[in-house]
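Asker: Fold the following for me, if possible:
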Amino acid sequence: MAVLTRVATTLAAICSLLDVASAEPLGLPPVPIPADNPQSADKIALGNRLFHDLRFSSDGTVSCATCHADDKAFTDSPLKTSEGIGKKTGTRNAPTVLNAAYFSTLFWDGRAASLEDQSQHPFLNPVEMGLPTHEPILLIVRSDPFYLELFKKAFGKSGSDVTMEEVKKAIASFERTIIAGDSPFDRWYFKHETNAISEAAKRGFEVFVGQGRCVSCHVVEQNEALFTDNRFHNIGVGINRAQFDVPRLSAEFLKAKAQGVDVDKAVLTDPKTSELGRFAVTNQFDFVGAFKTPTLRNVAVTAPYMHDGSLKTLKDVVKHYNNGGRSEGDPAVVNDYLSGGIRPLQLTEQQTDDLVAFMETLTTPAYFGAKTK
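Answerer: Residues are numbered from 1 along each chain as shown. Take a look at the predicted model:
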């Protein structure tokens, strides 16, 4: 009876998430739902529980929510790179799960094609959750009374009939409810509320779509704004310092990959391999040092920035672009793999501050306090 009561309580709370997922938040399109994994309150409740379960790590200290915390806008801000079991650190900064439902690919290098695919990998990564296989997860969900009830409700399965397919689908279903629109920017731009943002932010938007050319990759459309093009670009972060090692690194990596190296583990455990970016997935030299364009929504509360967490503030980010893809301490020579659109912007200090003011308007009200937690 106690288990059923807990299930009912959880489902009541999760039903509101399902309502949110089916709505069209101001500034966002409807959430894409795959035909083979339709949303349901039961499935979302199950995914929520799986997302927060510490038992799915080798030492019982790490869950999905450890690096994607609810009260930190689903990141692990202010960490530069994420901490896994035993406080091990990887090479990548944890991107927010907010609005990940709209991404064409997942991870900084796009090595996962869907939320379902993405959800299975952190469990096995040695610097994340560190399990040898998925079997420990299945042992728990096939025997825990709470999971027995939820899997039965969500999928009509329990015990040995439950596989990782159901686990992945449940986590992905929960993640599709983690969406955020209706920011001050949305109210100003889409609802034409003149006073929703400051005059500095309005000037910053003009820089964003004009001289700054930010909108080229952080897309704003007539009726919606995902603030990402879901593409991959070399913007000079990290790769600048590794550029002279690229011929050797790429050759060694391709050889190791042909011999069966686990790409997921390689890019999170070796800093130099990490800097190869999208190349590690595609083997195409056009993608050396290229990483996915992150959404700018809630960017003001998810510092630090870039795939390696190397830029501490939004002003640092703007300066990096203003310098044509170079940060403080980078080599004087611009790397050969830099994307074509990255060049000096000639922004003034006022324009820089205004652009930061604009990005601060992209925070959904529920997450305004996240950076102070």
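Asker: Let me know the secondary structure of the closest residue to Lys315 other than its chain neighbours.
Answerer: Spatial nearest neighbour of Lys315, excluding adjacent residues (CB to CB, 6 or more residues apart in numbering): Val356 at 5.5 Å. C-beta: built from backbone N, CA, C; applies to glycine. Reducing the assignment at Val356 to three states with DSSP: H, G, I helix; E, B strand; the rest coil gives helix.
Asker: what residues are up against the nearest residue to Glu83 once chain neighbours are set aside?
Answerer: Distances taken as CB to CB, 6+ apart put Thr89 closest to Glu83, at 5.7 Å, once the chain neighbours are dropped. Listed by CB atoms under 8 Å, 6 or more residues apart in numbering, the contact partners of Thr89 are Thr81, Ser82, Glu83, Val127.
Asker: Over to Glu193?
Answerer: The neighbours of Glu193, taking CB under 8 Å, 6+ apart as the test, are Arg187.
Asker: just Val97 next, same as before
Answerer: Counting by CB under 8 Å, 6+ apart, the residues that Val97 touches are His68, Phe74, Glu175, Ile178.
Asker: In terms of helices and strands, where is it?
Answerer: Using DSSP states H and E, no element contains Val97; it sits outside every helix and strand.
Asker: I'd assumed Val237 was in contact with Met306.
Answerer: Yes: Met306 is within contact range of Val237, at 4.5 Å (criterion: CB atoms under 8 Å).
Asker: Which one's more surrounded, the two?
Answerer: Set Met306 next to Val237 and count neighbours by other CB atoms under 10 Å: Val237 wins out with 24 against 21.
Asker: And the residue nearest the centre of the chain, how far from Val299?
Answerer: By CA atoms, centre = their mean, the chain has its centre lying nearest to Pro95, at 3.2 Å. In this structure, Pro95 lies at 11 Å from Val299, with CB to CB, to the nearest Å as the measure.
Asker: now Glu135
Answerer: If you measure Glu135 against Val299 using CB to CB, the figure is 38 Å.
Asker: Now do the domain split for the protein, please.
Answerer: Under automatic domain parsing, the residue ranges defining each domain of the chain are 2-175, 181-373.
Asker: could I get these as CSV with mean pLDDT?
Answerer: Shown next, in CSV, are the domains of the chain (pLDDT from 0 to 100):
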stretch, mean pLDDT
domain 2-175, 90
domain 181-373, 94
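Asker: Could you check how many residues crowd around the residue lying closest to Phe155 once chain neighbours are set aside?
Answerer: Computed as CB to CB, 6+ apart, the closest residue to Phe155 that is not its neighbour in sequence is Glu166, at 5.0 Å. Applying other CB under 10 Å, we find 21 other residues in the vicinity of Glu166.
Asker: Repeat that for Ile197.
Answerer: Ile197: 23 neighbours (other CB under 10 Å).
Asker: And for Gln351?
Answerer: Each residue near Gln351 was counted by other CB under 10 Å, and the total is 20.
Asker: Now do the helices in the stretch 1-150 of the chain.
Answerer: 2-22, 41-51, 64-67, 115-119, 135-141, 145-155 (DSSP state H, counting those that start in this stretch).
Asker: circling back to that earlier point, now intersect the contacts of Val97 with the strands, please.
Answerer: Within the contacts of Val97, no residue falls in strands by DSSP state E.
Asker: Please tabulate those residues in CSV and include distance to Pro30 and neighbour count as additional columns.
Answerer: Formatted as CSV, the entries for these read as follows, by distance: CB to CB, whole Å; neighbours: other CB atoms under 10 Å:
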residue, distance to Pro30, neighbour count
His68, 23, 24
Phe74, 20, 27
Glu175, 16, 26
Ile178, 15, 22
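Asker: picking up where we left off before, residues contacting the residue nearest to the centre of the chain?
Answerer: Pro95 touches Thr75, Trp108, Pro294, counting by CB under 8 Å, 6+ apart.
Asker: ok, of those, which one's closest to Arg343?
Answerer: Compare each of these with Arg343 using CB to CB and the shortest gap goes to Pro294, at 20.7 Å.
Asker: Let me know how buried that closest one is, in neighbour terms.
Answerer: Pro294 is surrounded by 20 other residues when neighbours are defined as other CB under 10 Å.
Asker: got it, and the one 4 residues further on?
Answerer: Other residues near Asn298 number 25, with proximity taken as other CB under 10 Å.
Asker: Likewise for Leu139?
Answerer: Tallying neighbours of Leu139 according to other CB under 10 Å, which is how burial is gauged here, yields 11.
Asker: likewise Glu224?
Answerer: Here the neighbour count serves as a burial measure; for Glu224 (other CB under 10 Å) it reads 19.
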